[in-house]
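Asker: my questions concern the predicted model and sequence given below.
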Amino acid sequence: MNVPIGDGGETVFKDQSVLEMVAFKDMWGKQTDSYLHMMFERLALMNDLLNENGSICVHCDWHASHHLKILLSEIFGVENFRNEIVWWYYNKMQGNVGQFAANHDVILWFSKTKNFFFEPIREQREKPKQQQKRVWDPATKSLKQATDDAGNLIYYTETERTLDDVWRIPYLMPADLTENLKYNTQKPIELIGRIIDALCPDNGLVFDGFCGSGTTLAASDGLRAQRVGDNKKEFYYTSSRRWIGADLGRFSIHTTRKRMIELQRQLHDNGRPYRAFDVYNLGRYERQWWQKEALKGADNEHRKVVLSFYKAEELPNPSQYLHGRKGRALVYVDGIDSLLTQDEVRAIAKAAREAGAKEAHCLSWDFEMDLRLVCHEVEASEGVQMKLIPIPREIMEKNRTSPPPFLEVAVLEAEPINRKDGSVDIKLTKFLPSLAEVPSKELEALRERTLKSGFDFIDFWAVDFDYQDGQPFEHHWQDYRTRKDRSLKTTSDEGFKKYPKPGKYTACVKVVDVFGCDTSITVDVKV
């Protein structure tokens with residue numbers, strides 16, 4: 001995809017991450033067969049997790065709807081098939097030649113059991129309609145036409161209708177600035193809102209395992225849309241549900257996070273309480289699987305593989321903190337399930353100095369916060385240049401032989417600003433993104449640009465002014481670029497934070513770059 005950078009209209013091409021690439025191969029490597037195998041496993045898991053009065057809705061187009069209906073019937077039971085809802089979008093441009101235009105998708109609704117939750121939905125008619133009134137006849141145990149005392153049929157004016165299984169909802173057009181986030185698979189909030197209102201009780205739990213741009217989560221938080229004519233719509237808010245979203249793509253998670261933070265602002269402006277949420281990275285299971293399958297759980301084998309891809313030679317007598325050599329630098333490879341810590345960095349620098357090296361490379365899957373600041377400290381005290389390098393996921397690909405690029409972690413620096421009125425702001429002073437998500441052919445040009453204008457690569461940043469180690473990050477203040485407004489502040493709003501009393505505090509700064517990668521540091525604040 002082309003990702004926008006900076007304040008103007010410039011973009012940079014983003015490749016698939018290896019996780020997205022492998023997932024796509026798993027889903028479509030053998031075309032329909034592999035796709036249905038992938039879906040069968042996930043639908044079976046959903047059946048296990050689903051509440052006894054819960055439902056599942058699967059959206060698909062004409063390519064796979066007939067296949068998926070068979071899978072769902074097998075897993076959930078034919079008797080639990082409820083509806084095949086037709087989403088008719090009458091405004092999508094079609095290039096059909098020699099056949100009717102394909103202007104609808106299908107939503108397959110199955111329940112877990114016969115005791116499912118369902119709330120019928122009423123919608124406004126395009127124009128009022130005269131209806132015959134009907135009443136229950138106890139004698140025949142059926143409905144009959146109602147009459148007045150003179151035997152005349154009774155009519156009434158109906159302005160609403162009960163929703164049936166054909167939903168006329170416009171497609172999200174690219175020019176739609178009210179809702180469209182330019183995420184290819186994004187659904188209209190009106191579509192998802194109907195499903196949630198009908199099938200999930202208030203305070204129920206909604207799960208979307210392919211959450212994309214976060215429409216299901218936004219609808220679960222209460223956002224709704226209704227059309228005012230064919231070309232306009234208005235947004236409103238209703239009762240919320242609890243939600244969980246999951247996706248393999250970093251860009252999806254980042255798009256969803258920005259969307260949900262913006263929605264919290266809108267809800268708060270409409271008198272609703274702020275609902276905090278957490279973002280979890282569950283990717284470590286991938287490495288554990290690789291370790292179990294390919295490396296038989298051995299850290300020594302893991303280090304050999306990493307060193308070979310890094311094109312570093314193994315030391316004949318490796319120590320606890322030194323495992324290889326690349327040119328004039330000594331190399332440390334962290335364990336497969338480890339997090340590189342500050343204490344390890346200090347120990348690596350000391351071991352490298354004692355071995356006579358002037359440079360040390362630290363390769364790891366994950367890094368503790370503030371490691372870059374510790375590197376500055378040990379470089380001054382030990383005289384050893386330190387490089388922090390994430391191990392690329394590409395080395396886990398089956399039959400991988402060519403080495404992927406090993407790129408340094410992002411650099412983030414910030415400082416507190418103490419105002420005369422006692423308030424404290426946080427100012428970003430430096431940011432250099434990691435370019436691991438960028439195709440090799442664009443690396444050199446972007447390396448030069450990051451040195452000049454690294455802030456152009458920041459898409460979102462936030463501050464937790466009262467950060468506690470081990471506690472979830474609280475978004476006390478944030479700023480981010482949107483499709484409409486590409487500008488970005490580099491200092492938090494003046495006067496935003498006032499601490500209750502003098503003392504030492506810790507603020508945490510989190511930056512998400514345009515590729516969806518997180519970088520965090522802590523900042524010491526003295527009041």
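Answerer: Structure received. Numbering: from 1, shown residues only.
Asker: what's the helix or strand hosting L68 in contact with?
Answerer: Per DSSP states H and E, L68 falls inside helix 65-76. When contacts are defined by Cβ atoms under 8 Å, 6 or more residues apart in numbering, helix 65-76 is touched by residues 32, 36, 39-40, 43-44, 47, 56, 58, 60, 81, 84, 105-106, 108, 110-112. C-beta here means a position set from N, CA and C on the backbone, and glycine is covered the same way.
Asker: do stretch 301-319 as well
Answerer: Counting by Cβ under 8 Å, 6+ apart, 291, 295, 322-326, 330-331, 333, 335-336, 351, 361, 363, 391-392, 395, 403-404, 406 sit against stretch 301-319.
Asker: just the buried ones among those residues, please.
Answerer: 291, 295, 322-325, 330-331, 333, 336, 351, 361, 363, 391-392, 395, 404, 406 (16 or more other Cβ atoms under 10 Å).
Asker: can you tell me how far S453 is from L412?
Answerer: 15 Å (Cβ to Cβ, to the nearest Å).
Asker: of those two, which one has the most company?
Answerer: Neighbour count, other Cβ atoms under 10 Å: between S453 and L412, L412 has more, with 25 against 12.
Asker: can you pull the contacts of that one?
Answerer: R372, L428, K430, F431, V509, V511, T519, S520, I521.
Asker: same thing but at 10 Å, please
Answerer: 369-370, 372-373, 428-433, 454, 458, 461, 509-511, 513, 519-521 (Cβ atoms under 10 Å, 6 or more residues apart in numbering).
Asker: so which of these sit within helices?
Answerer: R372, L373 (DSSP state H).
Asker: buried ones among the contacts of L412?
Answerer: Using 16+ other Cβ under 10 Å, the buried ones in those are 369, 372, 428, 431-433, 454, 458, 461, 509-511, 513, 519-521.
Asker: next structured bit after the lowest-mean-pLDDT helix or strand in the chain?
Answerer: Of all helical and strand segments in the chain, the minimum by mean pLDDT, DSSP states H and E falls on helix 18-28, at a mean of 59. Downstream of helix 18-28, the first helix or strand assigned by DSSP H and E is helix 32-49.
Asker: quick one, whichever helix or strand comes after that next one and helix 65-76 angle?
Answerer: For helix 32-49, the following helix or strand on the C-terminal side (DSSP H and E) is strand 55-60. Orientation of strand 55-60 against helix 65-76 (axes from the mean of the first three to the mean of the last three Cα atoms, to 10 degrees) gives an angle of 160 degrees.
Asker: what strands line up against strand 55-60, and which way round?
Answerer: Strand 55-60 has its sheet partners listed here by DSSP bridges as strand 104-111 (antiparallel).
Asker: so for the strand it pairs with, what gets flagged as buried?
Answerer: Buried residues in strand 104-111 (16+ other Cβ under 10 Å): H104, D105, V106, I107, L108, W109, F110, S111.
Asker: any chance of the residues you listed in CSV with distance to L267 and pLDDT as columns?
Answerer: Listed next are the buried residues of strand 104-111 as CSV, based on distance: Cβ to Cβ, whole Å; pLDDT from 0 to 100:
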residue, distance to L267, pLDDT
H104, 32, 92
D105, 29, 94
V106, 32, 96
I107, 27, 97
L108, 31, 98
W109, 28, 98
F110, 31, 98
S111, 30, 98
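Asker: show me the strands in the stretch 251-400 of the chain, by range?
Answerer: For the stretch 251-400 of the chain, the strands defined by DSSP state E, counting those that start in this stretch occupy 313-314, 324-326, 329-333, 339-340, 359-364, 366-367, 385-390.
Asker: those strands: which one's closest to K498?
Answerer: Ranking the strands of the stretch 251-400 of the chain by proximity to K498 (Cβ to Cβ) places strand 366-367 first, at 32.5 Å.
Asker: the longest helix seen in the chain: how far from the chain's middle?
Answerer: Counting residues, the longest helix found in the chain (DSSP H) is helix 250-269. Computed by Cα atoms, centre = their mean, to the nearest Å, the separation of helix 250-269 from the middle of its chain amounts to 10 Å.
Asker: can you give me the buried ones in it?
Answerer: So helix 250-269, judged by 16+ other Cβ under 10 Å, has buried residues 250-261, 263-264, 267.
Asker: pick the one among those residues closest to I417.
Answerer: I261 (23.4 Å).
Asker: my read: the closest one touches H475, true?
Answerer: Yes. The criterion here is Cβ atoms under 10 Å, and I261 meets it with H475 at 6.4 Å.
Asker: need the residues touching each of the two.
Answerer: Y274, F277, A462.
Asker: which stretches in the stretch 101-250 of the chain count as helices?
Answerer: 189-199, 215-220, 250-269 (DSSP state H, counting those that start in this stretch).
Asker: redo those helices as TSV? Include distance to K484 and mean pLDDT.
Answerer: Converted to TSV, the helices of the stretch 101-250 of the chain look like this (distance: least, Cβ to Cβ, whole Å; pLDDT from 0 to 100):
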stretch	distance to K484	mean pLDDT
helix 189-199	18	97
helix 215-220	17	97
helix 250-269	11	85
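Asker: could those helices be laid out in JSON lines, adding distance to N51?
Answerer: JSON lines is the format used below for those (distance: least, Cβ to Cβ, whole Å):
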{"stretch": "helix 189-199", "distance to N51": "11"}
{"stretch": "helix 215-220", "distance to N51": "15"}
{"stretch": "helix 250-269", "distance to N51": "23"}
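Asker: let me know the pLDDT of the residue located most distally from the centre of the chain.
Answerer: Relative to the centre of the chain, the most outlying C-alpha is that of A150, 65.2 Å out, by Cα atoms, centre = their mean. Model confidence at A150, given as pLDDT, is 87.
Asker: cool, and T519?
Answerer: Model confidence at T519 (pLDDT) stands at 87.
Asker: and what of I85?
Answerer: 97.
Asker: now swap in the one 4 residues further on and tell me
Answerer: Model confidence at Y89, given as pLDDT, is 89.
Asker: try L36
Answerer: 90.
Asker: give me the number of residues near the residue nearest to it when sequence neighbours are not counted?
Answerer: Using Cβ to Cβ, 6 or more residues apart in numbering and skipping residues adjacent in sequence, the residue nearest L36 is H67, 5.7 Å away. Counted with other Cβ under 10 Å, the neighbours of H67 add up to 14.
Asker: and H67, how far from F473?
Answerer: 42 Å.
Asker: same question for D202.
Answerer: 29 Å.
Asker: which one of these two is surrounded by more residues?
Answerer: For D202 versus F473, neighbours defined as other Cβ under 10 Å are more numerous around F473 (18 against 10).
Asker: across the sheet, point out what pairs with the nearest residue to the more buried one once chain neighbours are set aside.
Answerer: With sequence-adjacent residues excluded and distances taken as Cβ to Cβ, 6+ apart, F473 is closest to D464, at 5.1 Å. Counting by DSSP bridges, D464 forms beta bridges with C508.
Asker: so what's D464 up against?
Answerer: 426, 471-478, 506-510, 520, 522.
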